[in-house]
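Peer 1: using only what follows, build the 3D model:
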Amino acid sequence: MSPTLIALLKGLALGLSIAAPVGPIGLLCIRRTLSGGWLLGLVTGLGAATADVLYGLVAAAGLTVVTELLVSLRTPLQGLGGAALVWLGVGFMRARPTAERAEARAAGLAAAYGVTLFLTLTNPATILSFAAVMASLGAIGASGRTAALVTGVFLGSALWWLALSTGVSLVRHRLSERTLRSINRISGATLALFGLAAIAAAAVEILA
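Peer 2: A predicted model of the protein is given here:
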């Protein structure tokens, strides 16, 4: 196989490994699929995939000035992202499924995409992981391999979000409104806890 194809496959595996662990973004994707359907869940996930690609590009291009700036802003961004998660979590706990389905259609896909993009970008420490992986793969400074690797990262991440939103959408219509209300409360509380943990970690960094 050519070096470019190998880099693409490595990027695909990297994108899958980054996206697959279930965290606040995965929970948000599941929650939005249940409330608004397959497309809303997929677009939510693609916001995270875009953020991964942006950080991957910065890392692969070896832009140390940008990397250092993002890492220096890690603490305030972490706190900001945590506050956004708390706000989303509280909103989910209070939402009523029937009203929310109509709201999800009216709100549009751009808002779901933008929120997830923002939440993923509030974790700039991720760029250090990308830089380490890409350096080990020899992608930094090699334009052909860099493009293939970053493309693979996006495709791998997008593939995961496609699989997740599709799987959740298959069971969505089998759930009763009572079950959806319970899911709202559980997912909202979990997102809020993720957010509070991020805020606490940011506070510890500031006070240290």
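Peer 1: residue 76: helix or strand, and which one exactly?
Peer 2: In the assignment (DSSP states H and E), residue 76 maps to helix 74-94.
Peer 1: let me redo that: residue 174
Peer 2: When the helices and strands are read off by DSSP H and E, none of them contains residue 174.
Peer 1: which parts of the helix holding residue 76 are buried?
Peer 2: 74-75, 77-86, 88-89, 92-93 (16 or more other Cβ atoms under 10 Å). Where you see a C-beta, it was placed from the backbone N, CA and C, and this is true even at glycine.
Peer 1: and residue 57, how many neighbours?
Peer 2: Residues within reach of residue 57, counting by other Cβ atoms under 10 Å, total 18.
Peer 1: meant to ask about residue 171, not that
Peer 2: Residues near residue 171, counting by other Cβ under 10 Å, number 10.
Peer 1: do you know how far it is from residue 56?
Peer 2: Distance of residue 171 to residue 56, given as Cβ to Cβ, to the nearest Å: 32 Å.
Peer 1: report the contact partners of the nearest residue to residue 40 once chain neighbours are set aside.
Peer 2: Among residues not flanking residue 40 along the chain, residue 32 sits closest, at 5.0 Å (Cβ to Cβ, 6 or more residues apart in numbering). Neighbouring residues of residue 32 by Cβ atoms under 8 Å, 6 or more residues apart in numbering: 40-41, 44, 104, 112.
Peer 1: with residue 23 instead?
Peer 2: When contacts are counted by Cβ under 8 Å, 6+ apart, residue 23 is found next to residue 194.
Peer 1: now it. Its backbone dihedrals?
Peer 2: Backbone geometry at residue 23, expressed as degrees, to the nearest 10, gives phi -130, psi -160.
Peer 1: measure it to residue 173 for me?
Peer 2: Residue 23 sits 26 Å away from residue 173, going by Cβ to Cβ.
Peer 1: same deal with residue 37?
Peer 2: Relative to residue 173, and taking Cβ to Cβ, residue 37 is found at 10 Å.
Peer 1: more neighbours, those two?
Peer 2: Neighbours were counted for residue 37 and for residue 173 using other Cβ under 10 Å; residue 37 has more, 18 against 7.
Peer 1: residue 169 is in contact with the more buried one, correct?
Peer 2: Yes - Residue 37 lies in contact with residue 169 (Cβ atoms under 8 Å); the separation is 6.4 Å.
Peer 1: what helix or strand does the residue nearest to the spatial centre of the chain sit in?
Peer 2: Centrality entry for the chain: nearest residue to the mean C-alpha point is residue 48, 3.3 Å, by Cα atoms, centre = their mean. Using DSSP H and E, residue 48 sits in helix 38-60.
Peer 1: what does residue 147 give?
Peer 2: Element membership for residue 147, per DSSP H and E: helix 143-172.
Peer 1: which of the helices and strands in the protein ranks last by mean pLDDT?
Peer 2: When each helix and strand of the chain is scored by mean pLDDT, DSSP states H and E, helix 97-107 comes last, with a mean of 54.
Peer 1: please consider this matter closed, and thank you.
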